[in-house]
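*Asks:* Any chance you could fold what I've pasted below:
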Amino acid sequence: MSPDTTPRPAARATIDLITAAWHTQAVYAAAKLGVPDLIAAGHSAPADIARAAGADEDAVRRLLRLLLRLDVVDGDETEGYRNTSVGELLRDRPGSLRDVCLLYGEEFYQAWGDSIETFRTGRTGFEKAYGQSLVGYLREDSDAAKRFQRAMRAQADNFAFDAVPQHVDFSADRHVVDIAGGSGQLLSTVLGSAPGARGTLIDLEHTLPIARAHLEQSVGADRAEVVAGDMFTVPIPQEADTYLLSRVLGDWSDDECVRLLSSIREAMAPHSRLVVIEMVVQDGRAGLLAPLWDLHLMVVNGGHQRSAQEYRELAARSGLSIDRAVQLPMEACAMVLTHGG
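*Replies:* Predicted structure coming up:
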């Protein structure tokens with residue numbers, strides 16, 4: 001009897017979905033072991049890579065076999081392996097996505113392992129896995145907090161921030177306020193396009209060392225001030241030209257978003273504007289990252305991504321209106337809000 005070679009596209013698609021988490025963990029293992037860095041340093045044979053990594057040779061050989069098929073490395077066991085452009089992004093150096101890989105392969109992976117808790121009860125998978133909220137965890141673990149901030153900065157480097165000044169003109173601004181500004185990457189990008197502006201970054205105390213160092217290096221300490229505080233309670237600087245709110249609203253409920261947006265509106269002058277950067281969930285099949293991130297936020301901290309209509313409703317409830325929205329790379333969107341009519 002001849003073997004059955006009938007194509008089974010639905011079965012293959014299903015298996016690909018089921019095993020996608022194995023891709024994540026294989027890439028995580030490579031980054032954690034430093035495989036891309038070792039390859040860049042000249043270790044190309046599996047035995048050599050394993051020895052330099054302090055890892056099991058057979059396991060590394062088999063890992064490389066999969067990484068080849070995932071386009072993380074190129075080459076073969078005989079001639080040696082080399083990094084692809086994906087592998088280069090997993091190296092331990094500024095601008096890479098290694099910290100993102102470690103965060104998603106460790107804490108976030110564990111949270112997703114308990115995601116059924118979220119779907120059944122609404123409690124986050126992160127709380128089930130770690131016994132506390134993500135914010136509480138980062139506040140208590142300084143190493144994790146630093147890795148989280150580096151990961152957020154790396155995402156900004158590789159996703160959309162550098163495109164913002166191409167669509168929003170900041171050249172006439174004199175004061176820019178970044179609320180919950182994280183690593184300072186967005187604020188430094190904006191200030192780079194607004195030579196006459198000074199900046200203020202507001203965020204929690206544990207986030208400020210990375211932000212301060214980045215702003216001092218990128219735009220100079222004389223142009224940027226960092227302020228420690230909870231964005232819901234710290235006084236928002238008055239009458240700035242532009243307020244920035246990037247990847248923040250997705251972490252909060254509608255009522256909390258309205259509370260925050262209302263406090264910003266009260267600080268705004270008639271000429272001020274608020275630039276909100278978020279992924280926007282579209283109808284139908286368009287856009288995969290936004291609904292993925294929507295579920296991720298739900299599992300990790302109870303947040304969610306919203307549709308364009310939901311953002312318009314939030315703005316209206318806060319006394320604001322969306323003047324325009326521009327598409328950014330990686331399914332992000334910049335929405336320019338002003339005082340409601």
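*Asks:* can you pull out the helices in the stretch 1-150 of the chain?
*Replies:* Remark: helices assigned in the stretch 1-150 of the chain by DSSP state H, counting those that start in this stretch are 9-18, 20-33, 35-40, 46-53, 57-69, 85-88, 98-105, 107-113, 115-121, 125-130, 134-140, 142-158.
*Asks:* Now tabulate those in JSON lines and tack on mean neighbour count, distance to residue 175 and mean pLDDT.
*Replies:* (Each C-beta comes from the backbone N, C-alpha and C, glycine too.) Formatted as JSON lines, these follow (neighbours: other C-beta atoms under 10 Å; distance: least, C-beta to C-beta, whole Å; pLDDT from 0 to 100):
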{"stretch": "helix 9-18", "mean neighbour count": "9", "distance to residue 175": "48", "mean pLDDT": "93"}
{"stretch": "helix 20-33", "mean neighbour count": "17", "distance to residue 175": "40", "mean pLDDT": "97"}
{"stretch": "helix 35-40", "mean neighbour count": "24", "distance to residue 175": "41", "mean pLDDT": "98"}
{"stretch": "helix 46-53", "mean neighbour count": "19", "distance to residue 175": "49", "mean pLDDT": "97"}
{"stretch": "helix 57-69", "mean neighbour count": "17", "distance to residue 175": "48", "mean pLDDT": "97"}
{"stretch": "helix 85-88", "mean neighbour count": "16", "distance to residue 175": "38", "mean pLDDT": "97"}
{"stretch": "helix 98-105", "mean neighbour count": "21", "distance to residue 175": "31", "mean pLDDT": "95"}
{"stretch": "helix 107-113", "mean neighbour count": "18", "distance to residue 175": "36", "mean pLDDT": "96"}
{"stretch": "helix 115-121", "mean neighbour count": "14", "distance to residue 175": "40", "mean pLDDT": "95"}
{"stretch": "helix 125-130", "mean neighbour count": "21", "distance to residue 175": "36", "mean pLDDT": "96"}
{"stretch": "helix 134-140", "mean neighbour count": "16", "distance to residue 175": "28", "mean pLDDT": "91"}
{"stretch": "helix 142-158", "mean neighbour count": "19", "distance to residue 175": "22", "mean pLDDT": "81"}
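*Asks:* Could you dump those helices into TSV and include distance to residue 173?
*Replies:* Listed next are the helices of the stretch 1-150 of the chain as TSV, based on distance: least, C-beta to C-beta, whole Å:
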stretch	distance to residue 173
helix 9-18	46
helix 20-33	38
helix 35-40	39
helix 46-53	48
helix 57-69	45
helix 85-88	35
helix 98-105	30
helix 107-113	35
helix 115-121	40
helix 125-130	37
helix 134-140	31
helix 142-158	20
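*Asks:* Of those, which is nearest residue 229?
*Replies:* Of all the helices of the stretch 1-150 of the chain, helix 134-140 sits nearest to residue 229, with 14.0 Å by C-beta to C-beta.
*Asks:* Other residues contacting that closest one?
*Replies:* For helix 134-140, the surrounding residues in contact (C-beta atoms under 8 Å, 6 or more residues apart in numbering) are 107, 124, 126, 130, 132, 144, 145, 148, 204, 206, 300, 301.
*Asks:* what about the third one, distance to residue 287?
*Replies:* Put plainly, it is residue 126. 25 Å (C-beta to C-beta, to the nearest Å).
*Asks:* and which of the contacts of helix 134-140 is nearest residue 66?
*Replies:* The closest of the contacts of helix 134-140 to residue 66 turns out to be residue 107 (C-beta to C-beta; 23.2 Å).
*Asks:* got a pLDDT number for residue 206?
*Replies:* Looking at residue 206, its pLDDT stands at 80.
*Asks:* can you tell me which residues contact it?
*Replies:* 138, 139, 142, 145.
*Asks:* No more questions from me, cheers.
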